[in-house]
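> Sequence plus predicted model, see below.
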Amino acid sequence: MKQTRQKNRLWLVIPLSVILMGLVIAFGRHSVMADWRTASRESTGVAPDPAVTSEAVIQVYAARAYNWRGLFGVHTWVAAKPKDALTYTVYQVVGWRVYHGGGSALVIDDGVPDRRWFGSVPDVLVDLRGDGIDDVIKRLDAAARNYPFADEYVLWPGPNSNTFVAYMGREVPELKLDLPPTAIGKDFLTNGGVVDVSPSRTGYQFSLYGLLGVLAGIEEGVEVNVLGLTFGVDAKDFALKLPMAGRIGFQGN
């Protein structure tokens, strides 16, 4: 009986220790003291300058979310520039438009693709360029405009900004999108079911409203989602995926 109790405690201590470690790492990566009125929204210079880059470009970004939310997750978005275009189109979902304005959460506009997200520096998750990308951009734009939850935003467990970008990955397989474990909401399925292809379209996942599920894919590896927190192993990139801490290995975030 005593040994059984000790084993039960061990199964509780291990995940709590992992979550605590993730929280410590997240604190080191993100400040909760940002003020949205003064936080930087400047370009980080990561995106190719359209004035000197004629080729078509698609990039997917992730940056720690604003204020305390950034300890737990990231905000993701997509940017695209057709060949010879002088501006990028940025595709993203933001909650304040629903909460305060009663408008659509889906935002599609010309803008700075690589800007800080209220002080947080974005990571590039996908970078596609060159021949054939113009056709991909057309399908990407059509997919964004058909996003089924454009008028809804739920911080947890979704649909939110990460739900949208995961949906874009499923609709546009060329992205081969492997979202970080901190992209809370990515596991909220938009097909109305509990099974779908993974965001990279290289595997499948089972998910109950983004609260509980499993995923296995060539790009993503194996993930377990518990209440929106992702634990996983990415054998392709030799990385661990942990809540709050993100990806621990060769790739960041």
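Noted; the coordinates are in hand. Numbers count the residues shown, from 1 in each chain.

> from here on, contacts and neighbour counts on C-alpha atoms
Fine.

> Report the contact partners of Ala183.
Gly73, Val74, His75, Thr76, Asn162 (C-alpha atoms under 8 Å, 6 or more residues apart in numbering).

> Looking at those, which are in strands?
Counting by DSSP state E, the contacts of Ala183 place Val74, His75, Thr76 in strands.

> among those residues, who's most crowded?
Highest neighbour count within these: Thr76, with 31 neighbours (other C-alpha atoms under 10 Å).

> hang on, that one packs against Gln59?
No. Using C-alpha atoms under 8 Å, Thr76 is not in contact with Gln59, being 10.8 Å away.

> From Asp114, how far off is the closest residue to Ile58 other than its chain neighbours?
In this structure, Ile58 finds its nearest non-sequential neighbour in Ala80, 4.4 Å apart by C-alpha to C-alpha, 6 or more residues apart in numbering. With distances taken as C-alpha to C-alpha, to the nearest Å, Ala80 is found 11 Å from Asp114.

> next one: Ser40
For Ser40, the distance to Asp114 - C-alpha to C-alpha - is 12 Å.

> what about the two, which has more around it?
Using other C-alpha under 10 Å, the more surrounded residue of Ser40 and Asp114 is Asp114, with 27 against 16.

> Just the pLDDT at the more buried one, thanks.
Per-residue pLDDT puts Asp114 at 98.

> all strands for the protein, in order.
57-64, 74-81, 88-93, 106-111, 123-129, 195-197, 203-208, 212-217, 221-226, 229-234, 239-242, 246-248.

> Tell me which of those is the most buried.
strand 74-81 (a mean of 27; mean count of other C-alpha atoms under 10 Å).

> That one to strand 106-111, inter-axis angle?
50 degrees (axes from the mean of the first three to the mean of the last three C-alpha atoms, to 10 degrees).

> which secondary element of this protein has the worst mean pLDDT?
Lowest mean confidence among the helices and strands of the chain (mean pLDDT, DSSP states H and E): helix 2-29, at a mean of 52.
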